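Undergrad: would you be able to build a 3D model of this:
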Amino acid sequence: MSQYVIAIDQGTTSSRAIVFDHDGNIVSTGQLEHEQIFPKAGWVEHNAVEIWNNTREVIGTALAQANLTRHDIVGVGITNQRETAVVWDKNTGVPVYNAIVWQDTRTQDIVDELAADGGVERFKQKVGLPLATYFSGTKIKWILDNVEGARARAEAGDLLFGNTDSWITWNLTGGPDGGVHITDVTNASRTLFMDLETLQWDEEILATFGVPKSMMPAIKSSSEVYGHVHGSQLLRETPVAGILGDQQAATFGQAAFKQGEAKNTYGTGCFLIFNTGEEIVHSKNGLLTTLGYKLGDAKPHYALEGSIAVTGSLIQWLRDNIGMIKSAPEVEELAAAVENNGGVYIVPAFSGLFAPYWRADARGAIVGLTRFVNKNHIARAALEATAFQTREVLDAVNADSGVDLTELKVDGGMVANDALMQFQADILGVPVIRPKVTETTALGAAYAAGLAVGFWKDLGELSSNWSEDKRWIPNMDPAERDRQMRLWKKAVTKSMDWVDEDVL
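TA: Just a heads-up that it's a prediction; the model follows:
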């Protein structure tokens with residue numbers, strides 16, 4: 001009988017279940033989008049119950065599509081949108097508030113309050129992160145401070161917190177009926193609360209935020225058996241055996257296991273991760289220090305990360321908010337109709353600027369508009385914004401590591417866009433390489449689970465599964481590359497210093 005691993009990919013816009021075979025090939029997929037909730041400017045929420053219901057449904061779809069049952073599945077891996085905070089009642093399983101999404105900026109006042117003593121890098125040496133609205137910690141504090149009765153319930157030990165990996169795992173393994181409340185080191189490293197050296201919650205920082213330790217999940221490795229799926233579900237008794245935050249999962253799926261290897265994922269946002277091995281490297285150039293992975297009892301691998309908030313979601317914005325296109329692929333068609341961007345640059349600072357600037361006061365800007373410009377130029381500028389932001393992050397990685405990357409492995413939904421990938425190679429000046437299996441986020445979670453249950457024996461076996469699909473070679477003149485970057489950096493400055501007390 002053939003055996004498979006199933007990965008649950010709980011992302012920002014949808015939840016998916018993907019079944020993989022031993023060669024790392026996709027066997028079947030189930031996918032459902034969930035509602036994006038925008039109560040106020042800068043607020044982004046998800047309905048955590050909807051996410052859990054969708055997760056159960058996509059598992060069923062993926063199994064049915066391949067005519068499989070639980071007996072064919074040897075393990076469950078989970079990957080997830082990081083930093084999106086869920087707080088729920090451990091007795092009922094009911095969230096006390098919608099999940100607050102990583103893109104949400106409502107907690108800036110909390111950031112400012114905490115940064116008044118020691119600045120935004122107050123905890124960075126210990127946790128690898130600056131104080132920012134991006135991370136889970138400020139979101140938990142906001143819920144406890146603003147949801148009626150939440151703080152009292154938390155202090156009484158009735159409330160649990162988790163990024164969506166913890167929420168899915170707890171429900172999969174029984175919920176109120178004995179659900180396992182855990183997270184892995186990669187997700188824990190995105191809260192502002194985990195000590196990078198001890199891999200434990202820092203009680204002093206928790207106390208500073210006013211977050212009871214009883215809310216926090218136990219921190220586990222990225223690859224071990226955490227528990228088994230609860231008896232009433234389709235995958236009942238199947239071990240849940242791997243968890244990696246989405247960007248770390250994509251790195252793992254790209255087989256970037258060694259120090260000096262890197263990948264860039266193009267999704268809702270864009271995230272470049274550079275493996276620093278067993279060494280903790282503190283960035284001097286606006287990058288985050290984070291956990292790459294930890295396999296069972298082995299030593300952890302660390303990473304530098306460049307986080308870009310808005311890439312694919314800029315294309316969604318053109319479709320859903322502006323109505324310029326009806327489907328995402330139309331952007332490539334429009335962009336291909338013009339030779340250049342017509343002098344237009346789009347800085348999509350919808351949630352402020354993330355790496356390498358970390359400017360919460362920035363907001364989105366379109367600059368360089370003239371009567372000559374049409375929607376084709378705007379479409380091209382939207383695609384180019386992703387490539388420009390990636391170049392700035394890669395420059396920071398090169399500066400921190402002291403070693404220039406000679407090629408960039410890429411994955412995620414946007415890598416199907418040839419025009420974007422060619423421009424990315426051009427503006428970087430290095431080859432861009434796409435693997436045959438581009439669903440590397442789900443694949444990484446599957447690999448972590450499969451290693452834990454012996455489906456794959458070691459990292460060497462996983463590396464042999466990786467194969468190249470396409471390579472883009474830069475062909476832009478260096479002088480033109482420099483000119484484009486100079487104009488991009490000029491455009492970025494126009495987005496800064498926008499937010500003040502009068503801005504909605």
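Undergrad: do a quick rundown of the helices in the stretch 151-300 of the chain.
TA: 164-172, 185-188, 203-209, 246-253 (DSSP state H, counting those that start in this stretch).
Undergrad: what average pLDDT does the helix or strand harbouring residue 384 get?
TA: For residue 384, the host element (DSSP states H and E) is helix 375-401. Helix 375-401 comes out with an average pLDDT of 92.
Undergrad: what's the burial count for the nearest residue to residue 23 once chain neighbours are set aside?
TA: Residue nearest to residue 23 in three dimensions, not counting chain neighbours: residue 465, with 5.9 Å by C-beta to C-beta, 6 or more residues apart in numbering. Heads up, the C-betas are built off the backbone N, CA and C, glycines and all. Residues within reach of residue 465, counting by other C-beta atoms under 10 Å, total 19.
Undergrad: residue 465 and residue 16, how far apart?
TA: Per C-beta to C-beta, to the nearest Å, residue 465 is found 20 Å from residue 16.
Undergrad: residue 113 belongs to a helix?
TA: Yes. Remark: residue 113 belongs to a helix, assigned using DSSP: H, G, I helix; E, B strand; the rest coil.
Undergrad: pLDDT wise, what is it at?
TA: Looking at residue 113, the pLDDT reads 94.
Undergrad: repeat for residue 1
TA: 54.
Undergrad: does the residue of the chain most remote from its centre belong to a helix, a strand or coil?
TA: The C-alpha centroid of the chain is most remote from residue 371, which lies 37.9 Å away (C-alpha atoms, centre = their mean). Following three-state DSSP, residue 371 is assigned to coil.
Undergrad: picking that back up, in TSV: the helices of the stretch 151-300 of the chain, plus mean pLDDT, distance to residue 458 and mean neighbour count.
TA: Listed next are these as TSV, based on pLDDT from 0 to 100; distance: least, C-beta to C-beta, whole Å; neighbours: other C-beta atoms under 10 Å:
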stretch	mean pLDDT	distance to residue 458	mean neighbour count
helix 164-172	97	24	28
helix 185-188	97	20	29
helix 203-209	96	36	15
helix 246-253	92	13	32
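Undergrad: nearest to residue 29, out of those?
TA: When these are compared by C-beta to C-beta, helix 246-253 sits nearest residue 29, at 14.9 Å.
Undergrad: in PDB, list the C-alpha atoms belonging to the closest one.
TA: Extracted as PDB, the C-alpha positions of helix 246-253 are listed here (Å, rounded to 0.1, in the frame of the first residue of the first chain):
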ATOM      1  CA  ASP A 246       5.200  29.500   6.600                       C
ATOM      2  CA  GLN A 247       8.500  31.200   5.600                       C
ATOM      3  CA  GLN A 248      10.700  28.700   7.500                       C
ATOM      4  CA  ALA A 249       8.600  25.900   5.900                       C
ATOM      5  CA  ALA A 250       9.300  27.300   2.400                       C
ATOM      6  CA  THR A 251      13.000  27.400   3.200                       C
ATOM      7  CA  PHE A 252      12.900  23.800   4.400                       C
ATOM      8  CA  GLY A 253      10.900  22.800   1.300                       C
END
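Undergrad: so what strands line up beside the following helix or strand past the helix holding residue 384?
TA: Following helix 375-401 in sequence order, the next helix or strand is strand 408-411 (DSSP H and E). Sheet partners assigned to strand 408-411 using DSSP bridges are listed as strand 262-266 (parallel), strand 432-435 (parallel).
Undergrad: what count of nearby residues applies to residue 358?
TA: With other C-beta under 10 Å as criterion, residue 358 counts 18.
Undergrad: mind listing what it touches?
TA: Each residue near residue 358 by C-beta atoms under 8 Å, 6 or more residues apart in numbering is listed here: 120, 130, 132, 286, 352.
Undergrad: most neighbours, which of those residues?
TA: Greatest neighbour count in the contacts of residue 358, by other C-beta under 10 Å, goes to residue 352: 26 neighbours.
Undergrad: identify the bridge partners of that residue.
TA: Here residue 352, judged by DSSP bridges, has bridge partners residue 350.
Undergrad: distance of it from residue 424?
TA: Distance, residue 352 to residue 424, by C-beta to C-beta: 23 Å.
Undergrad: not counting its neighbours along the chain, what's nearest residue 423?
TA: residue 387 (5.0 Å).
Undergrad: residues in contact with that neighbour?
TA: Counting by C-beta under 8 Å, 6+ apart, residue 387 has contacts 420, 423-424, 426-428.
Undergrad: what about these, which one has the most neighbours?
TA: Of these, residue 424 is surrounded by the most neighbours, 28 neighbours in total, counting by other C-beta under 10 Å.
Undergrad: so which strand or helix has that residue?
TA: Assigned by DSSP H and E, residue 424 falls in helix 418-428.
Undergrad: mind saving the C-alpha coords of that helix as CSV?
TA: Only the C-alpha atoms of helix 418-428 are listed here, as CSV (Å, rounded to 0.1, in the frame of the first residue of the first chain):
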residue,chain,number,x,y,z
ASP,A,418,7.7,35.3,-16.0
ALA,A,419,7.8,39.1,-16.4
LEU,A,420,8.3,39.5,-12.6
MET,A,421,10.9,36.8,-12.4
GLN,A,422,12.9,38.3,-15.3
PHE,A,423,12.8,41.7,-13.8
GLN,A,424,13.8,40.3,-10.4
ALA,A,425,16.9,38.7,-12.0
ASP,A,426,17.6,42.0,-13.8
ILE,A,427,17.4,44.2,-10.7
LEU,A,428,19.3,41.7,-8.5
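Undergrad: what's the angle from it to helix 375-401?
TA: For helix 418-428 against helix 375-401, the angle by axes from the mean of the first three to the mean of the last three C-alpha atoms, to 10 degrees is 40 degrees.
Undergrad: chain center to helix 418-428, what's the gap?
TA: 22 Å (C-alpha atoms, centre = their mean, to the nearest Å).
Undergrad: contacts for that helix, please.
TA: With C-beta under 8 Å, 6+ apart as the test, helix 418-428 has contacts from 266, 332, 335-336, 380, 383-384, 386-388, 390-391, 394, 408, 410, 414-415, 431-432, 434, 470, 472-476, 481, 484-485.
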